[in-house]
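Enquirer: The sequence isn't on hand, but the structure is:
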């Protein structure tokens, strides 16, 4: 128990003293998380819309692929990306292996199916009368889609926060293609793994607490949004 | 003119609509009546260009409709309409915004239509602050502000009380007087349909019924040989004798002009004699009276005003309806 208490004491001391390394890792994690979430949701949510609303050949297969990708092991994803970005790989010329950009790419590949699958479910959950009503009032394809998105806004907000949550908590791909290089590619999750293995429990705990804090903030934001949806702001 | 030509529409392989021709001429007031599941809502969705018919075509002013541009000339109000996120005013603005209407014009149109439908006080409210009847009125207003050439209404008074329904019909009449507007309305209330529409069409099992729309019933004809050429069919709480050999699900129709109306049972050849009470007397045109009576089910008979006077028929008063088994149509 002393060992745990000492860990927490050290963690709070590091957090309160604004330790440069701890905050540097947190900043990089946030940067990677936001970038990957923006790109993954920017592509995944429209893809989810198409999957949910447009009948096309292979739609069922596409939905199956996206849903299967939700359970894709991140370490395997990192391995495949490693193969692509390594010197001998087809994307080796980019020189992105062991850079934060490689982690962003891995996180995008991880979050895209999450955004697409959950957005498809969110859009399918919207009463079809909303689209029909928009169309019968003269709305074109995009305006009708925007109307549906407005009706699904709480579920779509949940899509974004879920994607962000997965991205910041991911470790397999970040470790494989980022390399956990101090000051360059060390994220909260890879740092927690490293410091725990080195026996620096306090530092690992401090980083873990920041990660928890991020997850908490994301959930509070989501609950605030959902709360607004149920307390008469329909 | 909006028309469906050679339309067959299927859901999961099942034919739900089969119409050789259905026309909505410019400026017409059409009521479509029929039991639930007869295809009224599907017909309106095809006319609204929200669904493409499995077979056949939709024409607007003679040209086959292919894209969605024609949707701006035809607007549908669904039976249970939904309002978008936002205030009632924002809902009314929706159709005008997509047409790029200027703000000043938008405000004046919305204020005029909201005034006629008595929803001015609702303009600042949101959907969860409205009753079902108010939502229906707002939905009608939202459709009227875009000034369509054809307005399609699916049971527009299903959530309205009598007064609200009368107001809606008055507004629709005023709107047609104000500009060329064709209205096609699906309703199960025959009285309203006759009072309001120039043309009442009956739909049964996805087809235009070959009889007038009163006294239409969905029935299950008993299997087996008919007795002396007659089958006794349960309709509500009465048994109707019909001259038919058919079995299974069918539509049974009793033409209102084939019903004899009397105060006492007649000694006659009619196999169907039912006593009941007059529920309604309506006057669709001068000299003609529709007598609705509850005889176990509601039946409507058409007689002259003179006959009503001679028989002393009044709402609530006794009446006997008689009709021959051979007058009953089964299809």
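Expert: Yep, it's here. What you are looking at is a predicted structure, and each value in this text was computed from that prediction instead of being measured. Numbering: from 1, shown residues only, chains lettered A, B, ... in the order given.
Enquirer: and residue B:322, that's in a strand?
Expert: Yes - Residue B:322 sits within a strand when classified using DSSP: H, G, I helix; E, B strand; the rest coil.
Enquirer: contacting residues around it?
Expert: B:259-260, B:262, B:265-266, B:268, B:270, B:272-274 (CB atoms under 8 Å, 6 or more residues apart in numbering or on different chains). Using the backbone N, CA and C atoms, a C-beta is placed for each residue, glycine as well.
Enquirer: swap the cut-off to 7 Å and go again
Expert: Going by CB atoms under 7 Å, 6 or more residues apart in numbering or on different chains, residue B:322 touches B:260, B:262, B:266, B:268, B:270, B:272-273.
Enquirer: who's it bridged to?
Expert: residue B:260, residue B:273 (DSSP bridges).
Enquirer: and residue B:190, what pLDDT?
Expert: On pLDDT, residue B:190 comes in at 66.
Enquirer: ditto for the one 5 residues further on
Expert: The score at residue B:195 is 67. That number is its pLDDT.
Enquirer: max-length helix in the chain?
Expert: No chain specified, so I'll use chain A. Using DSSP state H to define each element, chain A has its longest helix at helix A:20-53.
Enquirer: not what I meant, chain B
Expert: When chain B is parsed with DSSP H, its longest helix is helix B:162-178.
Enquirer: Get me the contact residues on chain A for chain B.
Expert: A:127, A:129-130, A:132-133, A:135-139, A:143, A:147, A:150-151, A:232, A:234 (CB under 7 Å from any CB of the partner chain).
Enquirer: Between all of these, which two are separated the most?
Expert: Distance extremes for those: the farthest pair is A:138 and A:232 at 29.4 Å, using CB to CB.
Enquirer: higher neighbour count, those two?
Expert: Neighbours per residue (other CB atoms under 10 Å in any protein chain shown) separate residue A:138 from residue A:232, with residue A:138 holding more: 23 against 9.
Enquirer: Now do residue A:183 against residue A:25, distance only.
Expert: 9 Å (CB to CB, to the nearest Å).
Enquirer: For the two, indicate the residue with more neighbours.
Expert: Per other CB under 10 Å, whichever of residue A:183 and residue A:25 has more neighbours is residue A:25, with 25 against 10.
Enquirer: need the contact list for that one.
Expert: Here residue A:25 is in contact with A:186-188, A:191, A:207 (CB under 7 Å, 6+ apart).
Enquirer: and those, which are buried?
Expert: Listed as buried from those are A:186-188, A:191, A:207; burial here means 16 or more other CB atoms under 10 Å in any protein chain shown.
Enquirer: hmm, back to that, give me the buried entries from the residues of chain A next to chain B.
Expert: Buried residues within the residues of chain A next to chain B, counting neighbours by 16+ other CB under 10 Å: A:130, A:132-133, A:135-139, A:143, A:147, A:151.
Enquirer: Run through the chain and note the low-pLDDT ranges.
Expert: All of this is about chain A. A:1, A:225-234 (pLDDT under 70).
Enquirer: switch to chain B, that's the one I care about
Expert: Looking at chain B by pLDDT under 70, you get B:189-192, B:194-195, B:210-212, B:225-226.
Enquirer: what does it put close to chain A?
Expert: Residues of chain B lying close to chain A (CB under 7 Å from any CB) are B:48, B:50, B:71-72, B:75-76, B:78, B:81-82, B:84-85, B:94-95, B:98-99, B:126-128, B:142, B:146.
Enquirer: Can you name the residue of chain B nearest chain A?
Expert: For chain B, the nearest residue to chain A under the criterion CB to the nearest CB is residue B:95, separated by 3.8 Å.
Enquirer: Name the nearest residue to residue B:180, ignoring sequence neighbours.
Expert: Using CB to CB, 6 or more residues apart in numbering or on different chains and skipping residues adjacent in sequence, the residue nearest residue B:180 is residue B:27, 5.1 Å away.
Enquirer: Many thanks, have a good one.
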